[in-house]
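Visitor: this one's sequence-less:
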């Protein structure tokens, strides 16, 4: 298998590559990046005979198509995905090559499912697998795993926490963007739009994260999970950044217009407040508490089995780069093995065999803390 990783020199792209080069099936891993500096790469990637680093720009469609024709799968790790998912997927489909991304922006997912890309991929016999990272990604597969054990699924709650010690590059753009405007949630059997960053609750995560605040964010699962799990009533996605001062400052920036994307004129020049604030977040955390080097996920699936109410809960904690990169790597290997047969645009819960995925994930050292609660009326 020959893989091309867009954004390959970034943290998430390297997370994919580090897993791929360990696998016998992976013959060649090309890292395409706008800034292809070898010094950005981890030593194991610089020293690997399987790895090459090339300059690639998502705005250069012709160059992407030409490069993609030389490989078997494209793995897009170049965020933010509300800007990059569609152009890279289009190039992959034109090149006739299977595509995977770690898209965590609902806008990119929405366009992929509702544009000509879906039909073009079907006609070409190509899989466009979107959202195959951590959240979305692993938690989507866990939802499917639990859904398959239930007679019906009523509610899904997906919560995540990221410490800013884990954030860099495009991840900051996503972290600000996901709270802006109206974001999708699936409530009472309908897709609705709610104000991003609202409905704050406290949730328990595994140590070292502990009790954290999460709020509505713009992620793809409310769009995708109801496509594949019929009859579901609620799909709610909330996330947050720690330490707490980060979320509080972002909330204040949003309320005071610093996250507005409407240009303002200052000294005769147009400035977009969002762009300026995003740039400042490169410096704001300096000298301040950045939290632990850890991120956390919680998946809650509620449904019925044999007439009883059943709740499954899965908790995970770990580093963001391997937690995001390893699922994409596993999916690429499953594609190469013929284990992903769906064509067109598809989400993880629509094409990834949970048993095979979780077996590979756990084999790589992942730890998932699972609980099951069953309740029913007294029977004599």
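Guide: Looks like it arrived, so ask away. Since the structure is predicted, the reported quantities are computational estimates derived from the model, not experimental observations.
Visitor: got a list of what residue 367 touches?
Guide: 316, 318 (Cβ atoms under 8 Å, 6 or more residues apart in numbering). Heads up, the C-betas are built off the backbone N, CA and C, glycines and all.
Visitor: chain center to the helix ranked longest in the chain, what's the gap?
Guide: What stands out as the longest helix in the chain, according to DSSP state H, is helix 320-336. Computed by Cα atoms, centre = their mean, to the nearest Å, the chain-centroid distance of helix 320-336 equals 11 Å.
Visitor: Show me what counts as buried in that helix.
Guide: 320-336 (16 or more other Cβ atoms under 10 Å).
Visitor: now the nearest residue to residue 273 once chain neighbours are set aside, what's its secondary structure?
Guide: Nearest residue to residue 273 in three dimensions, chain neighbours excluded: residue 260, at 4.7 Å (Cβ to Cβ, 6 or more residues apart in numbering). Following DSSP: H, G, I helix; E, B strand; the rest coil, residue 260 is assigned to coil.
Visitor: Report how many residues lie close to residue 260.
Guide: A count of neighbours around residue 260, defined by other Cβ atoms under 10 Å, yields 15.
Visitor: same question, the one 4 residues further on
Guide: The burial count assigned to residue 264 is 12, neighbours taken as other Cβ under 10 Å.
Visitor: Contact partners for it?
Guide: 270, 271, 272, 273.
Visitor: Distance check, it against residue 276.
Guide: Counting by Cβ to Cβ, to the nearest Å, the separation of residue 264 from residue 276 is 10 Å.
Visitor: Now do the helices in the stretch 251-380 of the chain.
Guide: 273-280, 320-336, 354-363 (DSSP state H, counting those that start in this stretch).
Visitor: what does the stretch 101-250 of the chain give?
Guide: 106-114, 116-124, 138-147, 170-177, 221-228, 244-255.
Visitor: on that earlier part again, so for residue 201, which of the helices of the stretch 251-380 of the chain sits nearest?
Guide: Closest approach to residue 201 among the helices of the stretch 251-380 of the chain (Cβ to Cβ): helix 320-336, 22.1 Å.
Visitor: Mind giving me the packing neighbours of the closest one?
Guide: Under the contact definition 3 or more Cβ pairs under 8 Å, 6 or more residues apart in numbering; DSSP states H and E, helix 320-336 sits against helix 11-20, strand 73-76, strand 98-101, strand 127-129, helix 138-147, strand 295-305, helix 354-363.
Visitor: Pipe these into JSON lines and attach mean neighbour count, distance to residue 226 and mean pLDDT per row.
Guide: Output for these, formatted as JSON lines (neighbours: other Cβ atoms under 10 Å; distance: least, Cβ to Cβ, whole Å; pLDDT from 0 to 100):
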{"stretch": "helix 11-20", "mean neighbour count": "27", "distance to residue 226": "27", "mean pLDDT": "97"}
{"stretch": "strand 73-76", "mean neighbour count": "28", "distance to residue 226": "24", "mean pLDDT": "98"}
{"stretch": "strand 98-101", "mean neighbour count": "29", "distance to residue 226": "21", "mean pLDDT": "98"}
{"stretch": "strand 127-129", "mean neighbour count": "26", "distance to residue 226": "18", "mean pLDDT": "98"}
{"stretch": "helix 138-147", "mean neighbour count": "26", "distance to residue 226": "11", "mean pLDDT": "98"}
{"stretch": "strand 295-305", "mean neighbour count": "22", "distance to residue 226": "14", "mean pLDDT": "97"}
{"stretch": "helix 354-363", "mean neighbour count": "16", "distance to residue 226": "18", "mean pLDDT": "97"}
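Visitor: of the ones you listed, which approaches residue 343 most closely?
Guide: It's strand 127-129; of the helices and strands packed on helix 320-336, that one is closest to residue 343 (Cβ to Cβ) at 5.8 Å.
Visitor: partners of that closest one, with directions?
Guide: strand 98-101 (parallel), strand 344-346 (parallel) (DSSP bridges).
Visitor: which one of those strands lies closest to residue 361?
Guide: That would be strand 98-101 among the strands paired with strand 127-129, by Cβ to Cβ, at 15.4 Å.
Visitor: re the thing from before, also compute the angle for the longest helix of the chain relative to helix 170-177, please.
Guide: 100 degrees (axes from the mean of the first three to the mean of the last three Cα atoms, to 10 degrees).
Visitor: Noted, bye for now.
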